[in-house]
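Undergrad: predicted model follows, preceded by the sequence.
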Amino acid sequence: MKIATVLAAGRPVVTALGPAEQLVNVARLLSLPDLTVATLIADADRLLPKLAAALSEPVAAEAVLDSADISWLAPQPHPSKIVGVAVNNSGIAQFAYRQHVEPAYFLKPPSALTGHGEPIVVPPEYGLTHPEPELAAIIGRRIKAVQPEQALEAIFGYTIINDITSPALKDRDSMELRLPSPVGTDLTWRETHGEKDSSLYLTYHARSKGSDTFAPMGPWITTRDEVVDPNALAVDCWLDDELVVSDSTSKLTFPIQDVIAHLSNYMTLEPGDVVHFGTAVQPGANPKFPTLRHLDMSSLNGTLSVEIAGLGRLDNPIAHK
């Protein structure tokens, strides 16, 4: 089942993909006028079977939305948090000075979310900014210290996210501290250069990962039952009609269940929270774009699209103001 949130007549409306690709107003179909995605997730065991049964019958005309009259919001517009996994693809993890033995995380604010069809705004003064096409999970129930064997059962469904990242903003939010003595051997995450190396490097990701529109997500949440193996999904990224990235979640260093389990040891995950698992990196055929950094959105025009097998296609035009 595919669930979305759209804006219709100025109000958010929970929709489902119905027969013949119809956009169905779920609240109207189930006679639940105050329904939100949050309440659907919280009461999924009761409501999803009712919704599936209702969608198996002909849908009344008054419950069908005209796609010309809506705009897309992020399918889960109000998560308590959005957590990403850094460098979680074997194609880039191989270049790390120290190989990670556990996932590393960063946060995006919910204010960075935007929907399918909405622009990603990258003013030229942001500098180098690139896409990161990724699989995301929507958490279905409150979990703490869950085991990997149970982690996938805690997921409500899966969606597409484009983890827009600005290395140029990151550079502006990075600094080198020259300490009064050598850094010592406790900083095993970096290579020191000589016994007198006293530099400590700090980077802050709030702007580079969390600026407005830096988290396009959607169009759909595909419920967990329809995704047989989230660790074996093709992930493609397009710039207009040109394939620029083609990869798979099978390349993730830490698979979905291990990430969810590990993260839940440190952060209580709430229903509706978003966790995304690491960018696709394998380049397409065009030699102009050998890495994600070459897809510099501050100087590109067109529409970025992310496709994940079975989940759909997320389209977002690039805007510069």
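TA: Thanks, I have it.
Undergrad: mean confidence score for stretch 21-35?
TA: The average pLDDT within stretch 21-35 is 95.
Undergrad: pull out the buried residues from it.
TA: Gln22, Leu23, Val24, Asn25, Val26, Ala27, Arg28, Leu29, Leu30, Leu32, Leu35 (16 or more other CB atoms under 10 Å). To be clear about C-beta, it is placed using only N, CA and C from the backbone, and glycine gets the same treatment.
Undergrad: just stretch 38-58 next, same as before
TA: Using 16+ other CB under 10 Å as the test for burial, stretch 38-58 gives Ala38, Thr39, Leu40, Ile41, Ala42, Ala44, Leu47, Leu48, Leu51, Ala54, Leu55.
Undergrad: same deal with stretch 65-80?
TA: Leu65, Ile70, Trp72, Leu73, Ala74, Pro75, Gln76, Pro77, Pro79.
Undergrad: now tabulate the buried residues of stretch 21-35 in a markdown table and tack on distance to Gly194 and secondary structure.
TA: Below are the buried residues of stretch 21-35 laid out as a markdown table (distance: CB to CB, whole Å; DSSP: H, G, I helix; E, B strand; the rest coil):
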| residue | distance to Gly194 | secondary structure |
| --- | --- | --- |
| Gln22 | 67 | coil |
| Leu23 | 63 | strand |
| Val24 | 65 | strand |
| Asn25 | 66 | strand |
| Val26 | 63 | helix |
| Ala27 | 65 | helix |
| Arg28 | 69 | helix |
| Leu29 | 68 | helix |
| Leu30 | 67 | coil |
| Leu32 | 66 | coil |
| Leu35 | 63 | coil |
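Undergrad: would you turn the residues you listed into CSV with distance to Phe156?
TA: Shown next, in CSV, are the buried residues of stretch 21-35 (distance: CB to CB, whole Å):
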residue, distance to Phe156
Gln22, 22
Leu23, 20
Val24, 19
Asn25, 20
Val26, 14
Ala27, 18
Arg28, 22
Leu29, 19
Leu30, 17
Leu32, 17
Leu35, 15
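Undergrad: picking up where we left off before, which ones among the buried residues of stretch 38-58 are found in helices?
TA: With helices taken from DSSP state H, the overlap with these comprises Ala38, Thr39, Leu40, Ile41, Ala42, Ala44, Leu47, Leu48, Leu51, Ala54, Leu55.
Undergrad: got the contact list for Asp236?
TA: Pro133, Leu243, Val245, Ser246, Asp247, Ala280, Val306, Glu307, Ile308 (CB atoms under 8 Å, 6 or more residues apart in numbering).
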